[in-house]
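# Coordinates for the following, if possible.
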Amino acid sequence: MFFALSKLFSFFIKPLNVLVILVVAGLLTRREHRRKRLWRWAALGLVFFSNPFVINYLAKKWETACYSPDQIKYPYDVGIVLGGYTRVNERIPAGQISFSRADRLTTALQLYKTGKIRHILLSGGSGKLIGQELAEAPVVRVYLLQVGVPDSAIWVDDRSRNTRENAAFSKEIIEQRLPGATCLLITSAWHMRRAHPTFEQAGLHCAPFGTDFLAETSEGNPIKWLEPSWYALLKWELLIKEWIGYGLYSLH
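A predicted model of the protein is given here:
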């Protein structure tokens, strides 16, 4: 029930969806003053949410576990990679894999190749509420095998649909395969503030390692913060979801 409600609720917190609802509501209303008010709010909302300055400032304050690989002084037994970085249902040729936010995986691969982690636990099933979707972890497992990671170093959780289940099923797998293993939690820096406490509450103690950052630098061009950006809308969507999820998970 919690999973279904969270998916339905997430539809209404996406800024772009809210803006579209305001525009459609304006089209449907018969009162001229109400239509103008709704469209005014939609226009102001578009200007605000597409501006990169505010969301970049908030992302910089929210993101955590921002470490360099060089700060890992001893190898961890397991690097737990949380899912959500592939587009498993894209119409692509057989044998290819499409990534959306691949930093979680590429960072884990880097840490494995440099001896910072000994095993990679891919935690990610299907997070889709309606329709069919391939589980992510088994697909990524094939990719890792193709790029030279041995099968013995890859562990798979293909059941988890959200962060809470990531923690529960990862704990179950580690207790079966290597009880007492030292663990490194690898996920997006903007997701870590919610993910790490969830794993701790599940009884799986991990060191956090953030990747896939939202915060950017101006690159010496302050005008960058004034230019509307569709990517700013996406960042708002990700952070609002995290803030609400953090609050809800804190209640349990």
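# how far is the longest helix out of those in the chain from where the chain is centred?
If you go by DSSP state H, the chain has its longest helix at helix 230-250. On the basis of CA atoms, centre = their mean, to the nearest Å, helix 230-250 sits 10 Å off its chain's mean C-alpha point.
# Which other helices and strands does the helix or strand encompassing N56 contact?
If you go by DSSP states H and E, N56 is part of helix 52-62. If you count contacts as 3 or more CB pairs under 8 Å, 6 or more residues apart in numbering; DSSP states H and E, helix 52-62 packs onto helix 189-201, helix 230-250. All C-beta spots, glycine's among them, are computed from the backbone N, C-alpha and C.
# between those, which gets nearest to A65?
Minimum separation from A65 across the helices and strands packed on helix 52-62 (CB to CB) falls at helix 189-201, 4.6 Å.
# what ranges do the strands span in this protein?
Listed from the start of the chain, the chain has strands (DSSP state E) covering 76-82, 117-123, 154-157, 183-188, 206-211.
# Export those strands to JSON lines and append columns for distance to R35 and mean neighbour count.
Formatted as JSON lines, the strands of the chain follow (distance: least, CB to CB, whole Å; neighbours: other CB atoms under 10 Å):
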{"stretch": "strand 76-82", "distance to R35": "44", "mean neighbour count": "25"}
{"stretch": "strand 117-123", "distance to R35": "47", "mean neighbour count": "24"}
{"stretch": "strand 154-157", "distance to R35": "50", "mean neighbour count": "21"}
{"stretch": "strand 183-188", "distance to R35": "40", "mean neighbour count": "26"}
{"stretch": "strand 206-211", "distance to R35": "45", "mean neighbour count": "23"}
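# Please tabulate those in a markdown table, including the columns mean pLDDT and distance to L238.
Output for the strands of the chain, formatted as a markdown table (pLDDT from 0 to 100; distance: least, CB to CB, whole Å):
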| stretch | mean pLDDT | distance to L238 |
| --- | --- | --- |
| strand 76-82 | 98 | 14 |
| strand 117-123 | 98 | 19 |
| strand 154-157 | 97 | 22 |
| strand 183-188 | 98 | 8 |
| strand 206-211 | 97 | 14 |
